[in-house]
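Undergrad: Give me coordinates for this.
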Amino acid sequence: MFLTSLPNESKAPGKIAPSNGTTERYLIQNSLNFIASELHPNIGALFYPGLAPDVQILLYERIDQKLKYIDDTMLTNEAHDYLLGNTFTIVDSYLYIVLSWTQLVRVDLSKYPKVMKYFTRLQSLTTIQDAMKRIASNPATVLPSTESRR
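TA: Numbering: from 1, shown residues only. Coordinates of the predicted model:
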């Protein structure tokens, strides 16, 4: 829910998401909701220790369905560099993070060629590489300060 409302809180409209009321903005909201409700919880659940084998099987099947949907439906325009066009948005940031978890929970992205190409493209971005290095060296640097949460 936070990510879907974050663009409303932006002090610089149009920087992480298009302005309210535009078709592009509704596409962003739709994509964020899909990732938050369909992909994130299924991949995230695989991090729970002691997950029953039958639950793991169900989660891998669901993840397969969701990644096939992204591959077949959401990444159909080869002319686009990013999920919703040629501009990096909050959707790309969120989807990149969730897709990066697949490496930790043994989900093979190579079965989804468009997803793999998209993920590899994002992985090559200097800003993504810099952010991942920062997170790896000091995870606290990406957390909001106590003052900003007041």
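
Undergrad: what is the mean pLDDT for stretch 43-52?
TA: Stretch 43-52 shows a mean pLDDT of 95.

Undergrad: before we move on, what about stretch 100-111?
TA: Here the average pLDDT along stretch 100-111 is 96.

Undergrad: same deal with stretch 21-34?
TA: Per-residue scores along stretch 21-34 average to 93.

Undergrad: same question, stretch 55-67
TA: Per-residue scores along stretch 55-67 average to 98.

Undergrad: Can you give me the buried ones in that stretch?
TA: By neighbour count on 16 or more other C-beta atoms under 10 Å, the buried set for stretch 55-67 is 59-60, 62-63, 66-67. Where you see a C-beta, it was placed from the backbone N, CA and C, and this is true even at glycine.

Undergrad: is it possible to export these to CSV including secondary structure and distance to E24?
TA: CSV is the format used below for these (DSSP: H, G, I helix; E, B strand; the rest coil; distance: C-beta to C-beta, whole Å):
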residue, secondary structure, distance to E24
L59, helix, 32
Y60, helix, 33
R62, helix, 29
I63, helix, 28
K66, helix, 23
L67, helix, 24
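
Undergrad: nearest to A36, of those residues?
TA: Of all these, K66 has the smallest distance to A36: 11.8 Å, by C-beta to C-beta.

Undergrad: N42 is in contact with the closest one, correct?
TA: Yes: at 6.4 Å, K66 counts as touching N42 under the criterion of C-beta atoms under 8 Å.

Undergrad: which residues are common contacts for those two?
TA: Taking C-beta atoms under 8 Å, 6 or more residues apart in numbering as the contact criterion, K66 and N42 have no common neighbours.

Undergrad: before we move on, back to that, and the buried residues of stretch 55-67, which is closest to F34?
TA: K66 (8.3 Å).

Undergrad: Contacts only, for the residue positioned nearest the centre of the chain.
TA: With distances taken as C-alpha atoms, centre = their mean, L95 lies nearest the centre of the chain, 1.3 Å away. By C-beta under 8 Å, 6+ apart, the residues touching L95 are 31, 35, 39, 70, 83.
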